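Visitor: I would like the atomic coordinates for the input below:
(chains A and B)
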There are 2 protein chains.
Amino acid sequence: MDFLAILKQKSDLVEKELPKFLPPIDSATTPELKEYYEMFWDYPLRGGKRLRPAFCLLSCEMFGGNQQEALPTAVAFDLFQHWVLVHDDIEDGSDLRRGKPCLHKIYGIEKALNAGDGLHVKMWEALLANKAIIGPTKAQKIMQEFGHQLGLTVEGQAIEINWNMGGRWDVTEKEYLNMIEHKTAHYTGSTPLRLGAIVGGAKARELEILRKVGLKAGYAFQIQDDALNLAGDEKAYGKEIGGDIYEGKRTLMMIHLLAHAKKEKARILEIMNKPRSQKTPEEVREVIELMNKYGSVEYAKERARKYAMEAKELFDKKFTHVPGKEARDTISGLVEYFVTREK
Amino acid sequence: MDFLAILKQKSDLVEKELPKFLPPIDSATTPELKEYYEMFWDYPLRGGKRLRPAFCLLSCEMFGGNQQEALPTAVAFDLFQHWVLVHDDIEDGSDLRRGKPCLHKIYGIEKALNAGDGLHVKMWEALLANKAIIGPTKAQKIMQEFGHQLGLTVEGQAIEINWNMGGRWDVTEKEYLNMIEHKTAHYTGSTPLRLGAIVGGAKARELEILRKVGLKAGYAFQIQDDALNLAGDEKAYGKEIGGDIYEGKRTLMMIHLLAHAKKEKARILEIMNKPRSQKTPEEVREVIELMNKYGSVEYAKERARKYAMEAKELFDKKFTHVPGKEARDTISGLVEYFVTREK
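Guide: Prediction:
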């Protein structure tokens, strides 16, 4: 079976597990709670690839564990993704998420913010379910690392919001990498691989390698994601094309562009400093064309490829000995997929 | 020592413990994180009575436990209060919190929402610290009940926001009590008393009594809080007087008023249905005067008194046998204080 079919299988497994942790809509005791439960289910049922939950399940299997034992942790990664996206969409003023209006665009900021908090609580309840399945020691270890990673993600978001709101355009590549390491790389690569491995019984030095692999894979994922935001197909991608430019994000492409387009720099900043609602599609296209002209998109894609290949090489070299060969090869395939995907 | 002096002592103890769970501002590695850490510390350093943390510490002592063992849980209640207030202030469009502008009024909604998420994570980290102090079984039990209570609080908020945004003014007293039971009564009374008691070694039937005592005390607290919002002294209270009327909250007073002021009902709804920014101070005063005229404030205060007295009577009767007499009497005093306080 190819790795995308396996990814789909894992995603279905996680989706089927969700009713254990999210209340069914018809269990609501008041009309107000019915709407609230509908909000819980909205993002989870929009699909999505569920890469992080899959990493978690596969990593458990790679070390010889039963993926059933990693399922509550995989669900927690899924719920994490949903509450963070709900809150990020508010903070970034986004319009679309997976091809539909963002939750706060449907229900208003007040309700969406609160529903995000509810999903956050459900995420912890999924982690608390671990104790009965894998015992108190592993369960506590997983919650501890999950909590640490959450703290980093929120810090990464704090850094990015600060740049956006403060109008800082002199962000360096090093600062950008530090930001995405906090915001994305831990929770996309390192943490799901490590926590699945803890359930599967991996040793400390194996966990350390997974940290390195996961961070590089996480960099690759985020940089590719930013590139797709500009160049991808709107329908496949599910977000508006150029959304990051509307939102004024400091991406690797933007940092590269500002460093190279000396002549057009003032014009670029003029566009980028406009609030979202005042940027025209023509202006957004103008910035994207400059990114192509100066090779900024190609530069970013090349950096993403490099990180993905480094992650894959280290992974392939260090995990020849594991019992779960198919799971291992799927992880390896997925890391490469991070930079070959079109959505 | 009187119970208010003891309350102050407990509050100081919790505040002194906070640096174990919140990063010091000067530990930030970037200017962006420095601002983010400053936001963490903002609400906690505005003071506040810390009633819930005190309940938790006292309940532990009442059953013969050492309050040091309940300290991480008490800190978790404090952190809980802060992130919930940050998010509630955004959702309610509030202006003032403890006499100063709300966090989102200082830093913007984007940053404040995110900082609230960060505090939420820190709250769980405080609960995770329990294992090393009281062992995995009690620590898990506490996290489980804490998580359950969080879920109820967010549900209560969902119900209230739904009423506010949906323009529903036919809320019944029963619906109101159900809403505040979810939103406030568990986390103000029942849960801190129960979790402190779990640390202190209370038996299941004692925990069950504390649930009943705590819920009634929690009703009393919230109803009194709503009454103070109208009639209190702005300086002592730290929020704007009549803020609930500006925000359009369905309080017990409002429900009573709408049921009794047949003649003025249309006028009241005309005022209440205006958005916050379009209500004049004169209109807010007009509603408050009608609440006084129809005895709505007195009615609510009487209900609060009744719940507090029922809670206190049950508590005093059922806990004659406990080893920690001073802690017990302080809790009893605090329950009464819920309805005698002026701020």
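
Visitor: Check the burial of the nearest residue to A:Glu155 once chain neighbours are set aside by counting its neighbours.
Guide: Ranked by C-beta to C-beta, 6 or more residues apart in numbering or on different chains and with sequence neighbours excluded, the top spatial neighbour of A:Glu155 is A:His182, at 4.9 Å. For the C-beta atoms, the positions are set from N, CA and C on the backbone; glycine is no exception. If you count neighbours by other C-beta atoms under 10 Å in any protein chain shown, A:His182 ends up with 23.

Visitor: Does A:His182 touch A:Gly151 like I think?
Guide: No: assessed by C-beta atoms under 8 Å, A:His182 is found out of contact with A:Gly151, at 9.1 Å.

Visitor: hang on, the earlier thing: what sits against the residue nearest to A:Glu155?
Guide: Residues in contact with A:His182, defined by C-beta atoms under 8 Å, 6 or more residues apart in numbering or on different chains, are A:Leu152, A:Thr153, A:Glu155, A:Gly156, A:Ile159.

Visitor: Wait, A:Lys343 touches A:Leu228, no?
Guide: Yes: here A:Lys343 reaches A:Leu228: they are 6.7 Å apart, a contact under C-beta under 8 Å.

Visitor: Tell me the spacing between the residue nearest to A:Glu155 and A:Phe21.
Guide: Per C-beta to C-beta, to the nearest Å, A:His182 is found 27 Å from A:Phe21.

Visitor: what's the answer for A:Asn292, then?
Guide: Counting by C-beta to C-beta - A:Asn292 and A:Phe21 are separated by 44 Å.

Visitor: right, and the helix or strand after the helix or strand of chain A with the lowest mean pLDDT?
Guide: When the helices and strands of chain A are scored by mean pLDDT, DSSP states H and E, helix A:234-237 comes last with a mean of 56. With elements assigned by DSSP states H and E, the helix or strand that comes after helix A:234-237 is helix A:243-247.

Visitor: What lies in contact with whichever helix or strand comes after that next one?
Guide: The C-terminal neighbour of helix A:243-247 among helices and strands, as given by DSSP H and E, is helix A:252-260. Here helix A:252-260 makes contact (C-beta under 8 Å, 6+ apart) with A:169, A:171-173, A:176, A:223, A:226-227, A:230, A:265, A:268-269, A:272, A:287, A:290-291, A:294-297, A:299-300, A:303.

Visitor: In ChimeraX, how would I select the buried members of those residues?
Guide: Here is the ChimeraX command that selects the buried residues among the contacts of helix A:252-260 (16 or more other C-beta atoms under 10 Å in any protein chain shown):
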select /A:169,171,176,223,226,227,230,268,272,287,290,291,294,296,297,299,300,303
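
Visitor: Out of the contacts of helix A:252-260, list just those in helices.
Guide: A:173, A:176, A:223, A:226-227, A:230, A:265, A:268-269, A:272, A:287, A:290-291, A:296-297, A:299-300, A:303 (DSSP state H).

Visitor: So which of A:Asn292 and A:Phe21 has more stuff around it?
Guide: The residue with more neighbours, out of A:Asn292 and A:Phe21, is A:Phe21; 18 against 15, by other C-beta under 10 Å.

Visitor: Next, give phi and psi for that one.
Guide: Dihedral pair for A:Phe21: phi -120, psi -20, per degrees, to the nearest 10.

Visitor: what do you get for A:Trp169?
Guide: Per-residue torsions, A:Trp169: phi -120, psi 10 (degrees, to the nearest 10).

Visitor: can you check the one 3 residues further on too?
Guide: Taking degrees, to the nearest 10, you get phi -90, psi 170 for the backbone angles of A:Thr172.

Visitor: residue farthest from the centroid of chain A?
Guide: A:Lys263 (34.9 Å; C-alpha atoms, centre = their mean).

Visitor: what about the nearest residue to A:Gly48 once chain neighbours are set aside, how many neighbours?
Guide: Leaving aside its sequence neighbours, A:Gly48 sits nearest to A:Arg98 (C-beta to C-beta, 6+ apart; 6.3 Å). The burial count assigned to A:Arg98 is 14, neighbours taken as other C-beta under 10 Å.

Visitor: swap in A:Thr137?
Guide: Residues near A:Thr137, counting by other C-beta under 10 Å: 12.

Visitor: so who does it touch?
Guide: Applying C-beta under 8 Å, 6+ apart, the residues near A:Thr137 are B:Pro136.

Visitor: does A:Ala129 really touch A:Pro72, like I thought?
Guide: Yes: here A:Ala129 reaches A:Pro72: they are 4.4 Å apart, a contact under C-beta under 8 Å.

Visitor: how far away is whatever residue of the stretch 201-343 of chain A ends up closest to chain B from A:Trp163?
Guide: Going by C-beta to the nearest C-beta, chain B is nearest to A:Glu247 of the stretch 201-343 of chain A, at 11.0 Å. A:Glu247 is 11 Å from A:Trp163, where distance means C-beta to C-beta.

Visitor: so the residue nearest to A:Gly48 touches A:Pro44, yeah?
Guide: No: in this structure, A:Arg98 is not within contact of A:Pro44 by C-beta under 8 Å, at 10.7 Å.

Visitor: For the stretch 101-250 of chain A, which residues are neighbours of chain B?
Guide: A:108-111, A:113-115, A:117-118, A:120-122, A:124-125, A:128, A:131, A:136-137, A:139-140, A:143-144, A:147, A:150-151, A:154-155, A:157-159, A:161-165, A:175, A:178 (C-beta under 8 Å from any C-beta of the partner chain).

Visitor: Can you tell me which of the residues you listed are buried?
Guide: Looks like these have A:109-111, A:113-115, A:117-118, A:120-122, A:124-125, A:128, A:131, A:136, A:139-140, A:143, A:147, A:150-151, A:154-155, A:157-159, A:161-164, A:175, A:178 buried, using 16+ other C-beta under 10 Å.

Visitor: any idea how far A:His87 is from A:Val287?
Guide: Using C-beta to C-beta, A:Val287 is found at 27 Å from A:His87.

Visitor: just A:Gln224 next, same as before
Guide: 23 Å.

Visitor: higher neighbour count, these two?
Guide: Shown here are A:Gln224 and A:His87; by other C-beta under 10 Å, A:His87 has more neighbours (27 against 24).

Visitor: so what's A:Gly65 up against?
Guide: Contact analysis of A:Gly65 by C-beta under 8 Å, 6+ apart lists A:Gly196, A:Val199, A:Gly200, A:Gly201.

Visitor: Compare those and tell me which is most surrounded.
Guide: A:Gly196 leads these on contacts (other C-beta under 10 Å) with 33 neighbours.

Visitor: Grab the nearest non-local neighbour of it.
Guide: On the basis of C-beta to C-beta, 6+ apart, the spatially nearest residue to A:Gly196 that is not a chain neighbour turns out to be A:Ser59, at 3.1 Å.

Visitor: One more: A:Val154?
Guide: B:Gly118 is the one closest to A:Val154 (C-beta to C-beta, 6+ apart), at 4.4 Å.

Visitor: isn't the residue of the stretch 201-343 of chain A closest to chain B right next to A:Glu91, touching?
Guide: No: counting by C-beta under 8 Å, A:Glu247 sits too far from A:Glu91 to count as a contact (9.7 Å).

Visitor: which of the two has more neighbours?
Guide: Remark: of A:Glu247 and A:Glu91, A:Glu91 carries more neighbours, 24 against 18, as counted by other C-beta under 10 Å.

Visitor: residues in contact with that one?
Guide: Counted by C-beta under 8 Å, 6+ apart, A:Glu91 has contacts A:Gln157, A:Ile161, B:Ile109, B:Glu110, B:Leu113, B:Asn114.

Visitor: Of those residues, which belong to helices?
Guide: Filtering those for helices - DSSP H - leaves A:Gln157, A:Ile161, B:Ile109, B:Glu110, B:Leu113, B:Asn114.

Visitor: No further questions, thank you.
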